[in-house]
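Novice: Build me a model from this:
(2 chains)
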Protein chains: 2
Amino acid sequence: MKHIFVIGIGLIGGSFALDIKRQYLDCVIYGVDKSEAHLDKAKSLGIIDKKAMLDDLNQADVVIVAIPVDATLEVLPKVLDLVSDEAIVFDAGSTKEEICLKVKNHPKRRNFIAAHPIAGTEFSGPEAAVCGLFKNKTNIICEVEETAFKLQEKALELFTALGMRIRYMNPKAHDKHIAYVSHLSHISSFMLGKTVIEKEKNERDIFDMAGSGFASTVRLAKSSPAMWTPIFKQNKTNVIETLDEYINNLKHFKKLMQEDNFDAVFKEMETTNHIKDILNGIQ
Amino acid sequence: MKHIFVIGIGLIGGSFALDIKRQYLDCVIYGVDKSEAHLDKAKSLGIIDKKAMLDDLNQADVVIVAIPVDATLEVLPKVLDLVSDEAIVFDAGSTKEEICLKVKNHPKRRNFIAAHPIAGTEFSGPEAAVCGLFKNKTNIICEVEETAFKLQEKALELFTALGMRIRYMNPKAHDKHIAYVSHLSHISSFMLGKTVIEKEKNERDIFDMAGSGFASTVRLAKSSPAMWTPIFKQNKTNVIETLDEYINNLKHFKKLMQEDNFDAVFKEMETTNHIKDILNGIQ
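Specialist: Below you'll find the model as predicted:
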């Protein structure tokens, strides 16, 4: 693994570059990005060694596609057209079904491994890249059987070197589950932020009264709309289903309050407290 | 300030006890709690010096009432009945209107200062008490003009010694604003937790797929139902109003998705991104 190409040198791509460089000392990291400014920034920060273009991909041993999921649909087939038979290509997108479908019949399908590392922050761009982002994080691999055996091994060696836990799922199940534990959280956070901003025209009041609880709950509302809009688009059906259930639960809570049924309000919270046990494993 | 009584020796009361002890070396901290186990725990952890009862309050220089807001309505008038003319009594409740109303005509009203330190964690009980919890946090004081001038000074000296910023508000405005930046966050978090738990019967799936974003968004769903139920009850009207607006915003977001209006979805998020500037001041 000498020639590593990172397409999209932002938070995820940049963090992969930093960690791979630390693990594979003699590798060369090539950055490809539609933003020349991002490439220059990534180079000056030491995240990439060289700026490159798609046409250089024939040299690649590893290609990481870390761009918004709509762009992945466009770029991934082109990448597969260009790489050699020995190259392993993986993405890092938060949706898997459409991406897998898009390359299903590509002659180089076996050079691709569909991945979703559950890692990130609310920040974006090359400045957001950090070392160790993937350590102890889950990486969900979809349709592993569609990837050439030797290239599976190569990818898994890299993921393991970066400290990731591997889980295998089919793309449909991935998209359904991730809608609950990731996509819905982002919408709940964005809409919470919107509700508060709309109400409080005088922002000093929010600023002074908001504590760490509010900050934690709306943290994800800082996330990049350019990244998240195509995710919601590709996972529309699942996301709408989770939103329906979430809205119904909120309405039910409101109804209990309106009926002064505070014993039931208490029980709603008590039952959900058990999220503690689930969260203990994450943080 | 020698004899400090803390009624309710949990997260907030215990943290006050720890910080006051560090600032006023010769003070004696008395713990009052309906749970004997909490008192014993607080004593063994060095949070309080002595266990006490309400009947001992005549010795108090300072009394901190840090119990659920429904219990405060019961206990605060009794506390005021018992304290000397020189004692300052303050609460730490997340609602202010009903509490202020309850003691409005109490002959010792001027011994009370209504306070809401915007500080806390999702944990509860004496083990949750931490040093420095109030440092650089906002403390909202309501109806300050109803407190005797000398006792205002005494309270402010203590709050300042603990590192708190003081803001003055009327109780109605407090309850209205705090519904947005605190109470609604808790409901959004509890209902998010509920939605995910309900869906995912096999918890290992959640555990493996959930990342730090989900953990941050549902953190508040670990909070104590015994503390939060009476808050929602006392602030019912304001909380229902915020819930209505939140639900409407979520429905609108869903509608945009259903109509495939992803340009508008992008704009919804882009506009809310500006929460960054507000949050920068909090964390």
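Novice: How about the helix ranked longest in chain A and chain B, any contact?
Specialist: When chain A is parsed with DSSP state H, its longest helix is helix A:236-258. Yes - Helix A:236-258 reaches chain B (Cβ under 8 Å from any Cβ of the partner chain) through A:236, A:239-240, A:242-247, A:249-251, A:253-254, A:257-258. Placement of C-beta: from N, CA and C, glycine included.
Novice: How about that helix, which residues are buried there?
Specialist: Within helix A:236-258, the residues that count as buried by 16 or more other Cβ atoms under 10 Å in any protein chain shown are A:236, A:238-243, A:245-247, A:249-250, A:253-254, A:256-257.
Novice: Check which helices and strands it sits against.
Specialist: helix A:184-199, helix A:262-272, helix B:184-199, helix B:236-258 (3 or more Cβ pairs under 8 Å, 6 or more residues apart in numbering or on different chains; DSSP states H and E).
Novice: Redo those as JSON lines? Include mean pLDDT.
Specialist: JSON lines is the format used below for these (pLDDT from 0 to 100):
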{"stretch": "helix A:184-199", "mean pLDDT": "94"}
{"stretch": "helix A:262-272", "mean pLDDT": "97"}
{"stretch": "helix B:184-199", "mean pLDDT": "94"}
{"stretch": "helix B:236-258", "mean pLDDT": "98"}
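Novice: out of those, nearest to A:Ala155?
Specialist: Nearest to A:Ala155, of all the helices and strands packed on helix A:236-258, is helix A:184-199, at 27.2 Å by Cβ to Cβ.
Novice: In PDB, list the C-alpha atoms belonging to the closest one.
Specialist: C-alpha atoms of helix A:184-199 as PDB (Å, rounded to 0.1, in the frame of the first residue of the first chain):
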ATOM      1  CA  LEU A 184     -32.900  11.300  12.700                       C
ATOM      2  CA  SER A 185     -30.600  12.700  15.300                       C
ATOM      3  CA  HIS A 186     -29.400  15.300  12.800                       C
ATOM      4  CA  ILE A 187     -32.900  16.400  11.900                       C
ATOM      5  CA  SER A 188     -34.000  16.600  15.600                       C
ATOM      6  CA  SER A 189     -31.000  18.700  16.300                       C
ATOM      7  CA  PHE A 190     -31.400  21.000  13.300                       C
ATOM      8  CA  MET A 191     -35.100  21.500  14.000                       C
ATOM      9  CA  LEU A 192     -34.400  22.200  17.700                       C
ATOM     10  CA  GLY A 193     -31.900  24.800  16.700                       C
ATOM     11  CA  LYS A 194     -34.400  26.300  14.300                       C
ATOM     12  CA  THR A 195     -37.200  26.400  16.900                       C
ATOM     13  CA  VAL A 196     -35.000  28.200  19.400                       C
ATOM     14  CA  ILE A 197     -33.500  30.700  16.900                       C
ATOM     15  CA  GLU A 198     -36.900  31.500  15.500                       C
ATOM     16  CA  LYS A 199     -38.300  32.300  18.900                       C
END
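Novice: do you know how far A:Cys131 is from A:Lys222?
Specialist: 21 Å (Cβ to Cβ, to the nearest Å).
Novice: So for the two, which residue has more residues nearby?
Specialist: A:Lys222 (22 against 11; other Cβ atoms under 10 Å in any protein chain shown).
Novice: Contacts only, for the more buried one.
Specialist: Residues near A:Lys222 by Cβ atoms under 8 Å, 6 or more residues apart in numbering or on different chains: A:122-123, B:273, B:275-276, B:279.
Novice: Name the member of the residues you listed with the most neighbours.
Specialist: B:Ile275 (26 neighbours).
Novice: That residue touches A:Ala221, doesn't it?
Specialist: Yes - contact criterion Cβ atoms under 8 Å: B:Ile275 and A:Ala221 qualify, at 4.8 Å.
Novice: Quick check: neighbours shared by these two?
Specialist: Common neighbours of B:Ile275 and A:Ala221 (Cβ under 8 Å, 6+ apart) are A:Gly193.
Novice: Tell me how far the residue lying closest to A:His106 once chain neighbours are set aside lies from B:Asp277.
Specialist: Of all residues not flanking A:His106 in the chain, A:Leu80 sits nearest, at 5.1 Å (Cβ to Cβ, 6 or more residues apart in numbering or on different chains). The gap separating A:Leu80 from B:Asp277 is 42 Å, by Cβ to Cβ.
Novice: Please say which of these two ends up with more neighbours.
Specialist: Just comparing A:Leu80 and B:Asp277: by other Cβ under 10 Å the higher neighbour count belongs to A:Leu80, 21 against 11.
Novice: packing partners for the helix or strand where that one lies?
Specialist: Applying DSSP states H and E as the criterion places A:Leu80 in helix A:69-82. Contact partners of helix A:69-82 among helices and strands, from 3+ Cβ pairs under 8 Å, 6+ apart: strand A:62-65, strand A:88-91, helix A:97-102, helix A:225-234.
Novice: Kindly recompute the last result at 6 Å.
Specialist: Packing contacts for helix A:69-82, counted by 3 or more Cβ pairs under 6 Å, 6 or more residues apart in numbering or on different chains; DSSP states H and E, involve strand A:62-65, helix A:225-234.
Novice: follow-up on the earlier one: now the helices and strands packed on helix A:236-258 in a markdown table, with distance to B:Arg109?
Specialist: A markdown table is the format used below for the helices and strands packed on helix A:236-258 (distance: least, Cβ to Cβ, whole Å):
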| stretch | distance to B:Arg109 |
| --- | --- |
| helix A:184-199 | 32 |
| helix A:262-272 | 28 |
| helix B:184-199 | 30 |
| helix B:236-258 | 24 |
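Novice: Out of those helices, flag the one nearest A:Tyr168.
Specialist: helix B:184-199 (20.7 Å).
Novice: and the angle for that closest one with helix B:225-234?
Specialist: 120 degrees (axes from the mean of the first three to the mean of the last three Cα atoms, to 10 degrees).
Novice: what comes up buried for helix B:184-199?
Specialist: B:184-197, B:199.
Novice: quick one, that helix and helix A:262-272 angle?
Specialist: Computed by the same axes, to 10 degrees, the angle between helix B:184-199 and helix A:262-272 is 60 degrees.
Novice: now helix B:184-199: how far from the chain's centre is it?
Specialist: With Cα atoms, centre = their mean, to the nearest Å as the basis, helix B:184-199 stands 20 Å off its chain's centre.
Novice: which residues make contact with that helix from outside it?
Specialist: Outside of helix B:184-199, the residues within contact range by Cβ atoms under 6 Å, 6 or more residues apart in numbering or on different chains are A:180, A:188, A:192, A:213-214, A:217, A:245-246, A:249-250, A:253, A:269, A:272, A:275, B:217-218, B:220-221, B:242.
Novice: in chain A, which segments are predicted with low confidence?
Specialist: Along chain A, segments meeting pLDDT under 70 span A:202-207, A:281-283.
Novice: Give me the most central residue, it.
Specialist: Most central in chain A under Cα atoms, centre = their mean is A:Ser94, positioned 4.6 Å from the mean C-alpha point.
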